[in-house]
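S.K.: Predicted coordinates and the sequence they were generated for:
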Amino acid sequence: MKRILFLCTRNSCRSQMAEGWARHLHSRWLDSASAGSEPSTLDQRAVEAMAEVGVDISAHASKSIEAVGSNEFDHVFTLCAGAHDRCPVFPGSVSVVHRGFDDPQRLLSPDEGEVIEEYRRVRDEIGAWVTGLTEELGP
């Protein structure tokens, strides 16, 4: 089983979505985790957006890299520029790849419908990418 880490600055939204998708789609061959360089709190809109597609991340918590064990991964994916710029050095032959996604938390709009649509868009982009990890990493 391959161990992967999804890394984002706050570990509140994008990395949580990626972990949720990976667990939902690839749990037979991937052991997935997420963490943040500056952990925060789980974004409830991310929880809601994922629940709409049948992926429950409501029990997830934002955590630091140290909390998930920085030397235990085969692959690390940074999902935002901040995490990529501050990505620690991982020991051994860990593959570190950057795959950035827009931050839906940055959309400032008084229209809640417009905001949740941005979360859905990012959720779907991350879901399509995680689905394709089979080709990239192979089971």
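M.R.: That came in fine, so what should we check first?
S.K.: Would you confirm that His75 contacts Val94?
M.R.: Yes: using Cβ atoms under 8 Å, His75 makes contact with Val94 at a distance of 7.0 Å. For every residue, glycine as well, the C-beta is placed using N, CA and C.
S.K.: which residues touch the residue nearest to Leu107 when sequence neighbours are not counted?
M.R.: Distances taken as Cβ to Cβ, 6 or more residues apart in numbering place Glu118 nearest to Leu107, at 4.6 Å, with adjacent residues excluded. Contact partners of Glu118, counting by Cβ atoms under 8 Å, 6 or more residues apart in numbering, are 102, 104, 107.
S.K.: pLDDT-wise, which helix or strand of the chain ranks last?
M.R.: Ranked by mean pLDDT, DSSP states H and E, the weakest helix or strand in the chain is helix 81-85, scoring a mean of 69.
S.K.: elements contacting the helix or strand that that helix is followed by?
M.R.: Counting by DSSP states H and E, the next helix or strand C-terminal to helix 81-85 is strand 95-98. Applying 3 or more Cβ pairs under 8 Å, 6 or more residues apart in numbering; DSSP states H and E, one finds that strand 95-98 makes contact with strand 75-78.
S.K.: Many thanks, I have nothing further to ask.
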